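Q: Mind looking at a prediction? Sequence and model below.
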Amino acid sequence: MTLTLPPDLVAPIRQRMVAANDRFAAAYPGDAVGRQPVHTLYGGAHLFKADTPAKMGKLGLRSLDDYAPNFAIFAKILGMSGHELLPDREAGIRRLEDALRTDPEAVKQANEPAWMAYTIYTRVRHKLEHEPIEDMRIDFEDGYGNRPDAEEDADAAKVGQELAAGMAQGNLPPFIGFRIKSFSHECYDRAERTLDLVLSSLAAQTGGRVPPEFVVTLPKVTIPEQVIALADLLDLLEEKLGIPRRAVGMDLMIETPQAIINDKGENTVNALVRAGGGRVRSCAYGTYDYTALCNITAHYQTHTHPAADFARHVLQVSLAGTGVSIADGATTVMPIAPHRATADKPLSAQQVQENLDTVHYGWRLHYDNIAHSLRHAYYQGWDLNPGQLPIRYAAVYHFFLESLADASNRLNAFIQKAAQATLVGNTFDDAATGQGLLNFFLRGIACGALTTDEALATGITMEELRGRSFVKIVANRTKGS
């Protein structure tokens, strides 16, 4: 065949395209393939100790035992699909539990809602017993408040010491960090001092080591200069304290309208992330500050408000493919019982019912909010109270289990299609979709929603699963054909 354009004539165009595609690839290296926690539990810095994560897990388990002592009650409280088919009486629940323990697959075939509810409940309990907290943020902002400088100084130094103790004892969750106050005019000096004290205290105890996946959260970010300032401070502190370079990451809170659209009408999110010079690992959306600053009245400042969804979507599309993860905001209605019994004054029947109603309402709201986040592909969110932990895992586990069969079929078919396209010499240009399907299983296994056996039922091997790369799986299948 005869070409019209000679190579020397089109070479400059090709060079421009190569350079442009290289710039794009550098800006969008792809979503991170490492583990992302499904939640971040925030707690006041004045309360943090090395054993706090374990205590939070025990409190979450106690809440589950007190207010949902079995899987059927739990499913009915949360309104899980098919909950109306589950027995109400204790004897019927016990018989069904016995059957599920003996032959879960048989029950699944006959009564899938019962299998689903039981599986979620037992896996939630296991999670709370073995890894109740995936990510924790020690809070010097909203969860701490404004205190005298001497008091915050003392708490900041103590947090560093407790973090060091937690590292030595192996008590810390897989991800952890602390939130300072904002870098506004009013708060900058206090935030900088707290940052210095925590890291100095920690480094003094550990010889410069910090926990893995360690971050500093900067709240109420409005301009790139605030992010640059934090990155510069971290550069200086790491150098002075002997902390390995870039060992401390950054977590930005997108909770102001100006963090979404700036004074020039431009999207601000990417500018904020770039200002971190590669330190920004995640961004979290703050529903209530954002909607309040949009002049939405308190009654309508809900997790599902359309204004909140708009901000979520801007944050999502801004960071897609950058490797920076996103997290959703909190449910602020707490599942805390209003009445407590004392040794000399037990609760009345009315008080017991009011406790149940209050906790169950908070649970349902949190469950629905998490489901809303998951539908929008926000796989991580905030928790503010240990009583929310059972609900966090229940909602996440339900999301993964209800999608398991479809995802398994699609991943298996997609791998075969990709390998065939490669074998016949075609370009397979849908690797991102395949990686998304693989990520479903990686996320589900990491948080305890899915078992390894459930992932391997797709036809992928343990080695391929550990490799975490759809492209590598296809390449391996092609070589073996």
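A: That came through fine.
Q: Can you tell me the closest non-neighbouring residue to E90?
A: Among residues not flanking E90 along the chain, N70 sits closest, at 7.9 Å (CB to CB, 6 or more residues apart in numbering). The C-beta positions use only the backbone N, C-alpha and C, and glycine is treated the same way.
Q: Run a quick neighbour tally on that neighbour.
A: Per other CB atoms under 10 Å, the neighbour tally for N70 reads 17.
Q: from what I can see it touches I93, true?
A: Yes - using CB atoms under 8 Å as the test, N70 is close enough to I93 to be in contact (5.4 Å).
Q: so for the helix or strand containing W363, what's the average pLDDT?
A: Element membership for W363 (DSSP states H and E) is helix 349-375. Averaged across helix 349-375, the pLDDT comes to 96.
Q: Give the buried residues for that helix.
A: By neighbour count, with 16 or more other CB atoms under 10 Å as the criterion, the buried positions of helix 349-375 are 355, 358-360, 362-370, 372-374.
Q: helices or strands up against it?
A: helix 52-67, helix 71-78, strand 381-383, helix 389-402 (3 or more CB pairs under 8 Å, 6 or more residues apart in numbering; DSSP states H and E).
Q: how about a cut-off of 10 Å?
A: helix 52-67, helix 71-78, helix 306-319, strand 381-383, helix 389-402 (3 or more CB pairs under 10 Å, 6 or more residues apart in numbering; DSSP states H and E).
Q: now those as CSV including distance to N476 and mean pLDDT?
A: As requested, those are exported to CSV (distance: least, CB to CB, whole Å; pLDDT from 0 to 100):
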stretch, distance to N476, mean pLDDT
helix 52-67, 38, 95
helix 71-78, 40, 96
helix 306-319, 30, 96
strand 381-383, 35, 97
helix 389-402, 25, 97
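Q: Dump these into a markdown table; add mean neighbour count and distance to E464 as well.
A: Output for those, formatted as a markdown table (neighbours: other CB atoms under 10 Å; distance: least, CB to CB, whole Å):
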| stretch | mean neighbour count | distance to E464 |
| --- | --- | --- |
| helix 52-67 | 19 | 32 |
| helix 71-78 | 22 | 33 |
| helix 306-319 | 17 | 27 |
| strand 381-383 | 26 | 30 |
| helix 389-402 | 24 | 19 |
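Q: right, so of these, which gets closest to K240?
A: Comparing those against K240 with CB to CB, the closest turns out to be helix 52-67 (28.2 Å).
Q: re the thing from before, ramachandran angles for the residue nearest to E90?
A: Phi and psi for N70, reported as degrees, to the nearest 10, are phi -150, psi 170.
Q: what is in contact with N70 and I93 at once?
A: Common neighbours of N70 and I93 (criterion: CB atoms under 10 Å, 6 or more residues apart in numbering): 86, 118.
Q: who's the closest residue to L252 other than its chain neighbours bridged to?
A: Using CB to CB, 6+ apart and skipping residues adjacent in sequence, the residue nearest L252 is C283, 4.8 Å away. In this entry, C283 is beta-bridged to L252, I326, by DSSP bridges.
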